[in-house]
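Colleague: Predicted coordinates and the sequence they were generated for:
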Number of protein chains: 6
Amino acid sequence: MRPSGRAPDQMRAISIETGFTVHAEGSVLISFGDTRVLVTASVEEKVPPFLRGKGQGWVTAEYGMLPRATHTRGSREAAKGKQSGRTQEIQRLIGRSLRAVVDMAKLGERQIVIDCDVLQADGGTRTASISGGWVALRLAVDKLLASGAIAEDPITAQVAAISCGIHEGTPVLDLDYIEDSNAHADANFVLLDNGNIAEAQATAEGATYDEEALLRLLRLARIGCGEIFAAQRKATGR
Amino acid sequence: MRPSGRAPDQMRAISIETGFTVHAEGSVLISFGDTRVLVTASVEEKVPPFLRGKGQGWVTAEYGMLPRATHTRGSREAAKGKQSGRTQEIQRLIGRSLRAVVDMAKLGERQIVIDCDVLQADGGTRTASISGGWVALRLAVDKLLASGAIAEDPITAQVAAISCGIHEGTPVLDLDYIEDSNAHADANFVLLDNGNIAEAQATAEGATYDEEALLRLLRLARIGCGEIFAAQRKATGR
Amino acid sequence: MRPSGRAPDQMRAISIETGFTVHAEGSVLISFGDTRVLVTASVEEKVPPFLRGKGQGWVTAEYGMLPRATHTRGSREAAKGKQSGRTQEIQRLIGRSLRAVVDMAKLGERQIVIDCDVLQADGGTRTASISGGWVALRLAVDKLLASGAIAEDPITAQVAAISCGIHEGTPVLDLDYIEDSNAHADANFVLLDNGNIAEAQATAEGATYDEEALLRLLRLARIGCGEIFAAQRKATGR
Amino acid sequence: MRPSGRAPDQMRAISIETGFTVHAEGSVLISFGDTRVLVTASVEEKVPPFLRGKGQGWVTAEYGMLPRATHTRGSREAAKGKQSGRTQEIQRLIGRSLRAVVDMAKLGERQIVIDCDVLQADGGTRTASISGGWVALRLAVDKLLASGAIAEDPITAQVAAISCGIHEGTPVLDLDYIEDSNAHADANFVLLDNGNIAEAQATAEGATYDEEALLRLLRLARIGCGEIFAAQRKATGR
Amino acid sequence: MRPSGRAPDQMRAISIETGFTVHAEGSVLISFGDTRVLVTASVEEKVPPFLRGKGQGWVTAEYGMLPRATHTRGSREAAKGKQSGRTQEIQRLIGRSLRAVVDMAKLGERQIVIDCDVLQADGGTRTASISGGWVALRLAVDKLLASGAIAEDPITAQVAAISCGIHEGTPVLDLDYIEDSNAHADANFVLLDNGNIAEAQATAEGATYDEEALLRLLRLARIGCGEIFAAQRKATGR
Amino acid sequence: MRPSGRAPDQMRAISIETGFTVHAEGSVLISFGDTRVLVTASVEEKVPPFLRGKGQGWVTAEYGMLPRATHTRGSREAAKGKQSGRTQEIQRLIGRSLRAVVDMAKLGERQIVIDCDVLQADGGTRTASISGGWVALRLAVDKLLASGAIAEDPITAQVAAISCGIHEGTPVLDLDYIEDSNAHADANFVLLDNGNIAEAQATAEGATYDEEALLRLLRLARIGCGEIFAAQRKATGR
């Protein structure tokens, strides 16, 4: 029995509210249960130095957590003067996941920055960020298409992410904070709507796992991402 | 005529939503028009080193702005590795303003940290932070009183803050971003509900001002804070 | 009775020694009693990035305190690796105050950097920095005028600053360290010789204050700045 | 055909030289072909703050790359003043992987720090670090056992890691730098000698991959880790 | 002929003004010609962690240069967020030089911090800092002796320092900035009044030098330090 | 009697292994007894900003020590976020020493970076770095000559460095860690094969020294450098 009473393959309620803030080219408040992440996509007419003059675009991400998004207050990274290893790992994952579905030549020499700021945390903040990031990216690209700034849609697929893990011996989908703290294995899958995998990460915590468990976790992730893909389509009207 | 069509002494719509996030002892989403700040109050059973063993409490504040809270994306302070001078100035002001209405002996040897994170900016983020900070503080202290952790209410008054300035020669209340960018003088007043002043700051931008103007701005601030006091009372049920 | 025996509206002795160091275009050692600040003005034939190519100049300031300027040694900011919030707040105030009396178009596309380094501190270091900063700026601009680098005087007025506060219930002028530590309210006014205000900041410490007190403090500041204006004129031969 | 002429499931030559440096409790120079990593294990009679007084030990890792370990010189992280996100991600992975095979209660309240410094890089530095890290850890623990500092062996299994990826459409084992730069997918597996998985990470680069490919990569990793396990046993005389 | 018209073995005018600031236990403004350094000695009743509980004292030094001490403005180290390698090298040298003449057991478990801040630079700032540092240290120790805090004088000798170098082929004493910029070799000697050497550093700049030149430079340094020792004695009334 | 049983003027075994790593233009593993430093020379077709467009080259050095190069583990500078004063002092010395034997005009507008990373430390790491640095530099320059990138040999002499000191009253050559920890004076000499001196540094530790001792240490250094010059020639086939 899961602490939340959910079935092993049951997601928490997903909600995607677009236009949560007004300035960004794409803005989304995504919730997986009590986890709430504000994701914005900002279009910048410049690219990182290594891409200048190559006619290609770039998508990158930054991630942060408000100090009191969590049960007890964490210190503010801006005040500490550096981003933690965890933060950097997460924002690299988000950027990589979104780049997997963007044709950089079609995007043209511009950059889209995805900012993921966790307003409230209850497990799964990185997967909510990726899933909401796709929506913010989609909205920003739609504006570029509408304005004629780009001619062909550079987004090649939907991408979504979900966590799963082995909790008290049972593979379960979409871990909340309590499960995450006690899971024996903790996995994050980033999947495309065509069934392909952009990223698979499965980490033993306390107990290592076997190949069968890995496959079972992937199966759960497919269920979860299916729901997210539907929510993404609904949010973007596609 | 103000860009927004408001009368010189007219505030933007104020909204204070309590309980916006669940973990913090006090949590508020405060809006002054399009300016929206998430303020949390976190109770910590420790005090800064200089207060240890003195039987007194402390109230401090941190301030941040999400990178795309603004019209164009600003860089993330955590990624840059330091807080700007502006950020530090603002968070020092917020902390000072709230400490002005707290009896530290009654609070006891514990600290309340007020985190003010700007989700969307349209002028007046520091004054919204102070005004919402009081509500978050009030909620957190109410919990301490309810639990019996403290016996007597350490909050001695309501405190609120509002900006005003001289825009195209006219003193106006509650500047939005467009007015703020063009104002010739820019003031922030932190007032108590008993009429006293906790902080007055009036800065010339482009043109210096005379004493009469300073008094006129203070008068406007009294009008604005009156509205905020009412909204604070409504939000906290007092 | 003030600890120093001064009358409530009595300044400490002001001294302004020009040419204290030889390399800077303007160099001043200013003293307000035991507070001594070395202020230099450096002319640089460049402007910050946001002003490049606009035909306008810039004035900015940096502030520092020698580690043993104070009663007990403070840590060196260069060794700690960052400037404190207080330092940043002060140097922003100094820069803003001086810019209030400079016509940037007449200055031309160059920058004047005002460095204020406190050799000895006894209260009022920021106001001494502003008051001395004007003299250093005046000297540097005089050199630019003499050399023909600029044609018209870009300085539009004199600017001076003084602190005042409420000490044991009495509004007093030009707080020294002992008074500053115990004041119930602490204000800094930056005034122009034409009577206008460039900046007013009045902060409650321990007790909030009313509007009458604010006005009384401003009145005291006018007395103090009058004396400083005279000393500035004498020092610059104007 | 692979650039190196290797078969798809062929590892590069593995070499593990113990005692490469004299001071560390465990010291190993591990090579996977031209990739050479110096790994040391340092026993410290202290634990991180969050473990103090709990009677448990800790294993952690740090990773670095000499500036000219690579084809063109990279900047020195100590000179830049911070570790890159990549470095932090790798050292977190190394620590996690080794902790997966250590019984912290048996280790007792002490810490073993694994330092992995890449002397020469040709792909696979993180997996060589983990594989060599286990040997250094084994040597250090053997000393603790020999000296009687700990009574029971806290190491519960062998752990090794290997990269694999999809290069020109073919799943291949143990990518060198040229393959790594062009791979369409890049995976790292951390396996135990009992067949279990401690960590699986498979990332799309350029093209996403399907489930079958993931399993094929895992299969290759099992082949590679088998060879590493043998080399580890030989190096440690077990 | 030297640019200044001085003879090869001629020092610039030395001036040592004690009591330049009032708070420090020892305070000195030392000038070697146009080089002026404010040196303070601060007594702290604590020692660095590695000395705690050993009954020994410590002497350490910090060095800084005001931004416009030099011909053109240099950036402020506190603003840049770190001390340069040059600054660190100099402050390490100052501390080492002064520790060479202090009996740490007689000093007792306390620390004396020597702050050397260059108000104006014209070559020789590190040697002026050491020479002035000894005076500030002497004054601070005299206060400790007078107050009875320490019983026996911990200062075992006088220490002074001077630069010399090879300028246009001629060994010269006490280089000013112009000579220093063009010298082919640049040496700093730290000497004791008993003739012993605490530190000798001779660096080739542009041309290496032979043993005879090294000895000639040392001879010059003895002449220079002789003058400084006399000035130190006069300043401290010994 | 020296702890190692060596005669006072006896060096430890010197070994210079070229080509220790494959990517760098010059690569050397140099050992002075148990001290082992990996030195690489990297040719970069750019120069620092202050040299751009002047047709001159530059040689610079960076130094690091692996955390467990020493008897007990030191913290990693990259993790601490800054290089220590000692590190900076050493790398400045290495760069200066090598620049003393390079004709920058003949090198042409390119930079050679010497990276010195201490794999194992037993005293004398900076002198081994300089001595090995010359070999790495020689190898890199030989490649530039062979490829025709430069026409004339810019290296004007051999340079080597050795430490010596006064240990239990006896001047000794090539201090190992035990001697270094207890030496009363500690000197480093950087010498050219023509007998000239590039740098002499002699520091009192515990006891100051006289001129005769300085000369005796220099004599010892000549003996030591003679051996190193021979080893350098053998390693580079000159």
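Modeller: Great, that's in hand.
Colleague: Name the helix or strand for residue A:132, please.
Modeller: Per DSSP states H and E, residue A:132 falls inside helix A:125-147.
Colleague: Which elements pack onto the following helix or strand past that helix?
Modeller: Next along the chain after helix A:125-147, taking DSSP H and E as the criterion, comes strand A:159-167. On a contact count with 3 or more CB pairs under 8 Å, 6 or more residues apart in numbering or on different chains; DSSP states H and E, strand A:159-167 meets helix A:85-99, helix A:125-147, strand A:170-173, helix A:177-182, strand A:185-192, helix A:211-236. Glycine gets a C-beta too; all of them are placed from N, C-alpha and C.
Colleague: Let's have these in TSV, adding mean neighbour count.
Modeller: Shown next, in TSV, are the helices and strands packed on strand A:159-167 (neighbours: other CB atoms under 10 Å in any protein chain shown):
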stretch	mean neighbour count
helix A:85-99	22
helix A:125-147	24
strand A:170-173	21
helix A:177-182	16
strand A:185-192	25
helix A:211-236	19
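Colleague: for these, which one sits closest to residue C:126?
Modeller: Among these, the nearest to residue C:126 by CB to CB is helix A:85-99 (36.5 Å).
Colleague: So which residues on chain A come close to chain D?
Modeller: Contact residues, chain A versus chain D (CB under 8 Å from any CB of the partner chain): A:82, A:85-86, A:88-89, A:91-92, A:96, A:100, A:192, A:195-204, A:208-211, A:214-215, A:218.
Colleague: so how many other residues sit close to residue A:7?
Modeller: 11 (other CB atoms under 10 Å in any protein chain shown).
Colleague: oh, I was asking about residue A:209
Modeller: 24.
Colleague: Now do the same contact list for it.
Modeller: Going by CB atoms under 8 Å, 6 or more residues apart in numbering or on different chains, residue A:209 touches A:166, A:184, A:185, A:202, D:196, D:197.
Colleague: pLDDT wise, what is the fifth one at?
Modeller: As predicted, residue D:196 sits at a pLDDT of 97.
Colleague: Check the third one too.
Modeller: The per-residue pLDDT reported for residue A:185 equals 92.
Colleague: so what's it up against?
Modeller: Contact partners of residue A:185, counting by CB under 8 Å, 6+ apart, are A:165, A:166, A:202, A:203, A:204, A:205, A:207, A:208, A:209, A:213, A:217.
Colleague: which one in chain A is furthest away from the centre?
Modeller: The C-alpha centroid of chain A is most remote from residue A:53, which lies 29.6 Å away (CA atoms, centre = their mean).
Colleague: hang on, the earlier thing: what would the helix holding residue A:132 look like as CSV? C-alpha coordinates only.
Modeller: Coordinates of each C-alpha in helix A:125-147 appear next as CSV, following Å, rounded to 0.1, in the frame of the first residue of the first chain:
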residue,chain,number,x,y,z
THR,A,125,10.3,18.3,-9.6
ARG,A,126,12.7,17.5,-12.4
THR,A,127,10.2,15.4,-14.3
ALA,A,128,7.5,18.1,-13.9
SER,A,129,10.0,20.6,-15.1
ILE,A,130,10.7,18.7,-18.3
SER,A,131,7.0,18.0,-18.9
GLY,A,132,6.0,21.6,-18.3
GLY,A,133,9.1,22.7,-20.2
TRP,A,134,7.9,21.1,-23.3
VAL,A,135,4.6,23.0,-23.1
ALA,A,136,6.4,26.4,-22.5
LEU,A,137,8.7,25.6,-25.4
ARG,A,138,5.7,24.7,-27.6
LEU,A,139,4.0,28.0,-26.7
ALA,A,140,7.1,30.1,-27.4
VAL,A,141,7.7,28.3,-30.7
ASP,A,142,4.1,28.8,-31.7
LYS,A,143,4.6,32.5,-31.3
LEU,A,144,7.7,32.5,-33.4
LEU,A,145,5.7,30.6,-36.1
ALA,A,146,2.8,32.9,-35.8
SER,A,147,5.0,36.0,-36.2
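Colleague: tell me the angle it makes with strand A:159-167.
Modeller: 170 degrees (axes from the mean of the first three to the mean of the last three CA atoms, to 10 degrees).
Colleague: got the angle between helix A:125-147 and strand A:185-192?
Modeller: Counting by the same axes, to 10 degrees, helix A:125-147 lies at 10 degrees to strand A:185-192.
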